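Trainee: here is the input, now give the coordinates:
(one chain, ligands or ions: 1)
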Amino acid sequence: MKQGITPVSRERVMREEDFIVSKTDAKGRITYANRIFMEFAGYRESELLGVQHNIVRHPDMPRAVFKLMWETLQAGQEFFGYVKNMASDGSFYWTFANVTPTRDERGTTIGYYSVRRRPKQDAVAYFAPLYAEMLAREKAAGPKTAIDNSRQILTARFQPRGLSYEAFVLSM
Ligand SMILES: Cc1cc2nc3c(=O)[nH]c(=O)nc-3n(C[C@H](O)[C@H](O)[C@H](O)COP(=O)(O)O)c2cc1C
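Mentor: Here you go, the predicted model:
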């Protein structure tokens, strides 16, 4: 998370036709951001290029969601999820995110590509309190067990229905 930004309760709402697009290198440093990204995140291109993608991380997001994202990508699969991001002025914007690994001809991952669309409102209404519950669990647990403890909330929610987080996300 970027230091020094105070989150504020003002929301920026994505329009139906918006696509927030970014690319990173294999280490998650931004190599491309489209205009809509810059508009929502409130940064100029020069402030984004070469910077870790957690520049838009919102402190309300549980760490377990990003852990799941990186595990999925490192397994060579694409990730779908609902992500709350923070702009440079502290305002927030919810996204429905898809992140895919980019591979060279040998199959080595050379970077990642991400497209975020306007999220469904009922999905945001579903995930906001779920993430809040996960975050509270992460804060209550010690740093070593925080992510596993919070992941259990996800597992407990979806496993009884025979679903993964992503299967549920895609079913919404
Ligand atoms: C292509 C790509 C797009 C990403 N998009 C976001 C994003 O929109 N918001 C976000 O908080 N993290 C995003 N991440 C994950 C961040 O790199 C980072 O793992 C996350 O913000 C958690 O921060 P931390 O690793 O400092 O805990 C993205 C990563 C990649 C590779």
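Trainee: is the ligand within reach of the helix ranked longest in the chain?
Mentor: Longest helix of the chain, by residue count under DSSP state H: helix 121-140. No - contact of helix 121-140 with the ligand (Cβ under 6 Å from any ligand atom) is absent, the minimum separation being 11.1 Å. Glycine gets a C-beta too; all of them are placed from N, C-alpha and C.
Trainee: is the helix or strand that that helix is followed by in proximity to the ligand?
Mentor: Where DSSP states H and E defines the elements, the next helix or strand beyond helix 121-140 is helix 146-158. No - judged by Cβ under 6 Å from any ligand atom, helix 146-158 stays clear of the ligand, getting no closer than 10.0 Å.
Trainee: check the offset of helix 146-158 from the chain's centre.
Mentor: Relative to its chain's centre, helix 146-158 lies at 17 Å (Cα atoms, centre = their mean, to the nearest Å).
Trainee: buried sites along the helix or strand just after it?
Mentor: Secondary structure here is assigned by DSSP H and E; on that basis, the next helix or strand after helix 146-158 toward the C-terminus is helix 165-171. By 16 or more other Cβ atoms under 10 Å, the buried positions in helix 165-171 come out as 165-166, 168-169.
Trainee: same question, stretch 93-104
Mentor: Of the residues in stretch 93-104, 93-101 count as buried by neighbour count, 16+ other Cβ under 10 Å.
Trainee: same check on stretch 136-155?
Mentor: Of the residues in stretch 136-155, those buried under the neighbour-count criterion (16+ other Cβ under 10 Å) are 137-138, 146-147, 149-151, 153-154.
Trainee: looking at these, which is nearest the ligand?
Mentor: Each of the buried residues of stretch 136-155 was checked against the ligand using Cβ to the nearest ligand atom; the closest is residue 147, at 10.0 Å.
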